[in-house]
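Student: build me a model:
(2 chains)
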Amino acid sequence: MKNFLSLAFCSALALAAVQGPARAADPIQIGVIANLTGSAVKTSVQMTRGVELAADAINAAGGIDGRPVKLIVEDSENRAQEALNAANKLYNVDKVPAAIMFGGSGLMIPVAELAKEKGRVLVNTSSSSPKLGNYPGTLFSILPLDDIVGKELGLLISDSGAKTAAIVVPNSTFGLGVAEAAAAAFEAKGGKIVKKVAFTEGQPDYRADIQPVVPAKPDVIITAGYGDDSRAMLKAARELGLTAKWYAAYPSILELENKGFVEGKLFGVDNGGYAQPAGKAVADKYGAKFNGTADLMAHVYYGYDALMVIAAAIKKAGSAEPAAIAKALPEVVSSYDGATGKIVWDARGQRVSPPIDVIEYKGGDFVTTATRN
Amino acid sequence: MLDFAIYCLTIIAVWSVLGLSLNIQFGLTGLVNFGQVLPFGLGAYAAALAAQAGLPWPAGAALGLVVAVAVSLLVLLPARRLSQDYWALITLGAGELFRLTALNAPSLGGADGLTVPRFADPHLALGAALALMAVAWLMSHRIAHSPFGRLLKVLREDEVLAATLGRNPVAYQRTVSIIAWAMAAAGGVLYAHIVGYVSPSSFTVTETFIVWTALILGGPGNNLGVVVGAAAVQLLSVSSRFVASWIDLPADVLANGRLALFGLVLVLMFLFRPQGLVPEKKEVRDAQRR
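Tutor: Numbering: from 1, shown residues only, chains lettered A, B, ... in the order given. Sure, this is the predicted structure:
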């Protein structure tokens, strides 16, 4: 009993110490919301690791004006309700001024609504729904809008000399956004879309969906996707004997089912300066912390840049107040040279005209063959 | 912290309405509805569509209730000639049909979803949610303790017995579905206005099973049990986040551990207290005595 009492006393003391007034060396808390369980886990974990790398870098350099960054990572379970639970905890209990989020628009928009109500900042690293532009001053995107990457993809296809294309994309904001923009750019250059397939995500097999593409005999297939869905999609195409070339937005996030099938036949555009020095440096840090870069995906760079621009905004504003961060963010990104290249925002805080890498899959790896912008 | 408590209470109240609705169907009548998210989603989408059309919220609420009742009758058509095991399959399928339709129909917002006007004040949202829960509770209570409710329990235990008493099981099941689905739709309308956004990803099978978990955890057949169950599910989910923040492990390991803990608590509950936290009371009545 005596032990218990002294323990209780010590805990009370500790609590009192923790809840003392804010000091210069108090950590700045930043929230992270990601699908750490449920589906699309791998990409979320990658984004979270990118944020951790950025936090390590900031803290190793002495923090922001002497204050270290402390991350509070919450799981969204890839469910809107849990994402809201997580965001409510971060904004209301932990009182973070800003949160970095990975998740589809179905999760991102409810959280953006909450952030707007609370007057906090939300940095999007994954969703590219046009609806995200409705939250200027609240939501800022590190990932570029789909229509820009899609347009570059369409131009790349017409440059390759292809005359006909089929679209095979997941029926999501991302898949449809890329497909529409790519098709528009391709058709404007005289190309022809011969078949359009938007499959419902989460199925084990897509042969029935992709079958109609075979008789259309397209020169190329426009695609986008990630995770198990892209693996199942490519498997179905291989089993159906499709021989067309693949043109993907962000090809490096596709899960390849059979490397031989796509060797020399998979092309695409990736936004990024991943191949530039800033990106390379992040990849090196990743390799050092997580035992090599074999599983490194592009999401690491987006997570990294997300925290880096928040930190730069806090430093510039001289304050970790959400309103000050929101005001400083557009000012600091214009001079920020990130792991994903130069960041240009429109008036709504949505990323436009990112650097574009032209990618080809050859020799069992993604190779950057050209850069644009 | 207070804001967080208000938010949690609001969500518990909305989930309780869903749970109470499921309790009338399963707890009282024995109808295994694996598509409980369907009336909820219909209500939420009706609220969103009405808002998109510039109509005031009561129009959305009315639309939600009407559509949910109509769809319940539609789902009942094939179900009424089948035993209750098939009821589970039909409702599960109907729920997914709705979600996939919403995902693929651009007029319903597609994958992008629809924006709904939110409650400006969280206190107002809490008040509305509690009020709806009170109404749902009162309705459930009245039903459970009426002769109608007692016959539902007979139906639950033995449909043939109910039929031999001269009652038509299908008619009773229909009435129950209409009431319960309208209740869940009202919850959906409210939820849409609380969250401010609806999209197909909010109405998956998982949500249905969260409601089921709350019902089974709390104790089927008992209104208080349902609310306790809904509170337990939400609080377990939220409190484990705080516990996780005290442990220094990689975030993805913690996230998985949190869900594993959640599952473990449920398994232990079902092993050691299968009747639920607040079990249904056995009613003893003497027919001879007035």
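
Student: tell me which element residue 99 falls in.
Tutor: In the absence of a named chain, chain A is used. Assessed by DSSP states H and E, residue A:99 sits inside strand A:98-101.

Student: switch to chain B, that's the one I care about
Tutor: Per DSSP H and E: helix B:84-104 holds residue B:99.

Student: anything in that helix near chain A?
Tutor: Yes: using Cβ under 8 Å from any Cβ of the partner chain, helix B:84-104 reaches chain A at B:100, B:103, B:104. Every residue, glycine included, has its C-beta placed from N, CA and C.

Student: which SSE is immediately downstream of that helix?
Tutor: Downstream of helix B:84-104, the first helix or strand assigned by DSSP H and E is strand B:114-115.

Student: tell me the mean pLDDT for the strand holding residue A:99?
Tutor: If you average the pLDDT over strand A:98-101, you get 96.

Student: so what's residue 118 up against?
Tutor: No chain specified, so I'll use chain A. Taking Cβ atoms under 8 Å, 6 or more residues apart in numbering or on different chains, we find residue A:118 in contact with A:91, A:92.

Student: could you do chain B instead?
Tutor: With Cβ under 8 Å, 6+ apart, residue B:118 has these contacts: A:113, A:117, B:193, B:194, B:195, B:196.

Student: hang on, the last one packs against residue B:113?
Tutor: No: in this structure residue B:196 lies outside contact range of residue B:113 using Cβ atoms under 8 Å: 10.5 Å.

Student: out of the two, which sits in the busier spot?
Tutor: residue B:113 (27 against 20; other Cβ atoms under 10 Å in any protein chain shown).

Student: please report how far that one lies from residue B:186.
Tutor: Applying Cβ to Cβ, to the nearest Å, the value for residue B:113 to residue B:186 is 21 Å.

Student: again, but for residue B:43
Tutor: In terms of Cβ to Cβ, residue B:43 sits 6 Å off from residue B:186.

Student: shaky segments in chain A?
Tutor: Scanning chain A for pLDDT under 70 picks out A:1-24, A:272, A:373.

Student: state the three-state secondary structure for the residue sitting nearest the centre point of it.
Tutor: The centroid of chain A falls nearest to residue A:126 when counting by Cα atoms, centre = their mean (3.2 Å). Three-state assignment for residue A:126 (DSSP: H, G, I helix; E, B strand; the rest coil): coil.

Student: can you pull the contacts of the spatially closest residue to it that is not a sequence neighbour?
Tutor: The spatially closest residue to residue A:126, leaving aside those adjacent along the chain, is residue A:102, at 4.4 Å (Cβ to Cβ, 6 or more residues apart in numbering or on different chains). Contacts for residue A:102 (Cβ under 8 Å, 6+ apart) come out as A:33, A:34, A:35, A:43, A:44, A:47, A:48, A:125, A:126, A:299, A:303.

Student: which of those residues ranks first by neighbour count?
Tutor: Busiest of those [other Cβ under 10 Å] is residue A:34, holding 33 neighbours.

Student: dihedrals phi and psi, residue B:282?
Tutor: phi -80, psi 130 (degrees, to the nearest 10).

Student: mind listing the strands for the stretch 51-200 of chain B?
Tutor: Along the stretch 51-200 of chain B, the stretches classed as strands by DSSP state E, counting those that start in this stretch are B:114-115, B:197-198.

Student: out of those strands, deepest packed?
Tutor: strand B:197-198 (a mean of 28; mean count of other Cβ atoms under 10 Å in any protein chain shown).

Student: helices or strands up against the next helix or strand after it?
Tutor: Counting by DSSP H and E, the element after strand B:197-198 in chain order, helix or strand, is helix B:205-218. With contacts taken as 3 or more Cβ pairs under 8 Å, 6 or more residues apart in numbering or on different chains; DSSP states H and E, helix B:205-218 sits against helix B:2-22, helix B:37-52, helix B:84-104, helix B:223-246, helix B:251-272.

Student: how distant is helix B:205-218 from the center of its chain?
Tutor: How far helix B:205-218 lies from its chain's middle: 8 Å, per Cα atoms, centre = their mean, to the nearest Å.

Student: domain ranges for chain A?
Tutor: Domain segmentation of chain A under automatic domain parsing yields A:27-141+A:275-342, A:147-270+A:357-372.

Student: any idea how far apart the tips of the longest one sit?
Tutor: Same thing as domain A:27-141+A:275-342. 28 Å (Cα to Cα, to the nearest Å).

Student: low-confidence stretches in chain B?
Tutor: Chain B contains residues with pLDDT under 70 at B:285-290.

Student: give me every residue in it lying close to chain A.
Tutor: So chain B meets chain A at B:1, B:3-4, B:7-8, B:11, B:100, B:103-104, B:110-113, B:115, B:118, B:195-197, B:199-202, B:204, B:206-207, B:210, B:234, B:237-238, B:241-242, B:245, B:251-252, B:254-256, B:258-259 (Cβ under 8 Å from any Cβ).

Student: which among those residues end up buried?
Tutor: Neighbour-count burial (16 or more other Cβ atoms under 10 Å in any protein chain shown) is assigned, among the residues of chain B next to chain A, to B:4, B:7-8, B:11, B:103, B:110-113, B:115, B:118, B:195-197, B:199-202, B:204, B:207, B:210, B:234, B:237-238, B:241, B:251-252, B:254-255, B:258-259.

Student: residue A:330: which element?
Tutor: Short version: residue A:330 belongs to helix A:322-333, going by DSSP H and E.

Student: thinking again about what came up before, give the contact list for the residue nearest to the centre of chain A.
Tutor: Residue A:126 neighbours (Cβ under 8 Å, 6+ apart): A:43, A:44, A:47, A:101, A:102, A:103, A:104, A:108, A:143, A:299, A:302.

Student: how much space separates the closest residue to residue A:268 other than its chain neighbours from residue B:142?
Tutor: Nearest residue to residue A:268 in three dimensions, chain neighbours excluded: residue A:251, at 3.4 Å (Cβ to Cβ, 6+ apart). Using Cβ to Cβ, residue A:251 is found at 61 Å from residue B:142.

Student: higher neighbour count, the two?
Tutor: Shown here are residue A:251 and residue B:142; by other Cβ under 10 Å, residue A:251 has more neighbours (25 against 11).

Student: ok, residue A:195 touching residue A:211?
Tutor: No: using Cβ under 8 Å, residue A:195 is not in contact with residue A:211, being 10.4 Å away.

Student: looking at those two, which is more packed in?
Tutor: residue A:195 (18 against 13).

Student: what's the distance between residue A:47 and chain B?
Tutor: Residue A:47 is 11 Å from chain B, where distance means Cβ to the nearest Cβ, to the nearest Å.

Student: tell me which element that residue falls in.
Tutor: Residue A:47 belongs to helix A:41-60, assigned by DSSP H and E.

Student: so which elements touch the next helix or strand after that helix?
Tutor: Once helix A:41-60 ends, the next helix or strand along the chain (criterion: DSSP H and E) is strand A:69-75. For strand A:69-75, the elements it packs on are strand A:28-34, helix A:41-60, helix A:80-88, helix B:223-246, helix B:251-272, judged by 3+ Cβ pairs under 8 Å, 6+ apart.

Student: rerun at 6 Å
Tutor: Using 3 or more Cβ pairs under 6 Å, 6 or more residues apart in numbering or on different chains; DSSP states H and E, the elements in contact with strand A:69-75 are strand A:28-34, helix A:41-60.

Student: tell me the most buried of those?
Tutor: Taking mean count of other Cβ under 10 Å, strand A:28-34 is the most buried of those, at a mean of 26.

Student: kindly export the helix holding residue A:330 (C-alpha atoms) in PDB.
Tutor: What follows is helix A:322-333, C-alpha atoms only, in PDB (Å, rounded to 0.1, in the frame of the first residue of the first chain):
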ATOM      1  CA  PRO A 322      -2.400  27.000 -36.900                       C
ATOM      2  CA  ALA A 323      -3.500  30.400 -38.500                       C
ATOM      3  CA  ALA A 324       0.200  31.500 -38.700                       C
ATOM      4  CA  ILE A 325       1.200  28.100 -40.300                       C
ATOM      5  CA  ALA A 326      -1.600  28.400 -42.900                       C
ATOM      6  CA  LYS A 327      -0.600  31.900 -43.800                       C
ATOM      7  CA  ALA A 328       3.100  31.100 -44.000                       C
ATOM      8  CA  LEU A 329       2.800  27.800 -45.900                       C
ATOM      9  CA  PRO A 330       2.200  29.200 -49.400                       C
ATOM     10  CA  GLU A 331       5.000  31.700 -48.900                       C
ATOM     11  CA  VAL A 332       7.600  29.000 -47.900                       C
ATOM     12  CA  VAL A 333       6.800  26.400 -50.500                       C
END
